[in-house]
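[1] the following comprises the amino acid sequence and a computationally predicted model.
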Amino acid sequence: MAAEAAETLLEVANSDSHPIRRRRNALLVLLLADAGLSPGEAVSLTVSDINLEQGCLLAGRGRKRRVVPLTSRLASALEEYIAVAKYGNSQLFPGKKGVMTARGAHQIISRLAARAGIKVAPKELTESFYVRLAEKGVGAEALAALRGVSMLDSVRRDSAPPGIDELRNFIGLLESREF
């Protein structure tokens, strides 16, 4: 299961001796597995997209931006990384030639998986976030809101999408998760 793979990748990432790389790689795994971001969404984050006081981040691109509540361990990882990396208001994941690319994120996950002796794709980590929520009873409307996709109007009818407080409650279900 990808949730177990995420824990294994975190162990490998946290064993790195380089402090910034260790935090960066662990944060990347958590953004996929604990926030359901795609690699492209994760690497496009800026420090200003993160609101630790509110416990959320702004993910997505263009008009498809959405608010994503943070798990406590993701919030801690973000706070530690930002404090150590000192990137100000710039890209959270700078690359060698500007911004890290989604391909760069894929390579990091692949290297961590190889070091752990497992096979897992970044998409599996992202999907595991939504699967775990669905297994905890979170409905399709809330899952769609967290993903940043809209339900078909014919399905939604009169219901409004869940608000940030309701989404935070769903994320709270993951805080007590058992793998």
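    Arrived safely, thanks for sending.

[2] rest of the way, CA atoms for contacts and neighbours
    Will do.

[3] please state the mean pLDDT value computed over the helix or strand encompassing Arg103.
    Taking DSSP states H and E as the definition, Arg103 sits inside helix 102-116. Throughout helix 102-116, pLDDT has a mean value of 95.

[4] which element, helix or strand, includes the nearest residue in space to Leu74 that is not next to it in sequence?
    Nearest residue to Leu74 in three dimensions, chain neighbours excluded: Leu30, at 6.1 Å (Cα to Cα, 6 or more residues apart in numbering). Applying DSSP H and E as the criterion places Leu30 in helix 19-33.

[5] next, the buried residues of that helix.
    Residues of helix 19-33 classed as buried under the neighbour-count rule (16 or more other Cα atoms under 10 Å) are 22-33.

[6] output the contacting helices and strands for that helix.
    Applying 3 or more Cα pairs under 8 Å, 6 or more residues apart in numbering; DSSP states H and E, one finds that helix 19-33 makes contact with helix 2-14, helix 39-43, helix 72-85, helix 102-116, helix 122-135.

[7] what are the buried residues along stretch 123-143?
    For stretch 123-143, by 16+ other Cα under 10 Å, it's 123-133, 138, 141-143.

[8] dump it to CSV, keeping only the CA atoms.
    In CSV, the C-alpha atoms belonging to stretch 123-143 read as follows (Å, rounded to 0.1, in the frame of the first residue of the first chain):
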residue,chain,number,x,y,z
LYS,A,123,1.0,9.5,-8.2
GLU,A,124,0.5,6.6,-5.8
LEU,A,125,1.5,8.7,-2.9
THR,A,126,-1.0,11.4,-3.9
GLU,A,127,-3.8,8.9,-4.5
SER,A,128,-3.2,7.3,-1.2
PHE,A,129,-4.2,10.5,0.6
TYR,A,130,-7.6,10.5,-1.0
VAL,A,131,-8.0,6.7,-0.6
ARG,A,132,-7.3,7.0,3.1
LEU,A,133,-9.9,9.8,3.5
ALA,A,134,-12.5,7.8,1.5
GLU,A,135,-11.8,4.8,3.8
LYS,A,136,-12.5,7.1,6.8
GLY,A,137,-15.9,7.9,5.3
VAL,A,138,-15.2,11.3,3.7
GLY,A,139,-17.7,11.9,0.9
ALA,A,140,-17.2,12.5,-2.8
GLU,A,141,-18.0,16.2,-2.5
ALA,A,142,-15.3,16.8,0.1
LEU,A,143,-12.8,14.7,-1.8
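
[9] what's the average pLDDT for that stretch?
    Mean predicted confidence for stretch 123-143 is 89.
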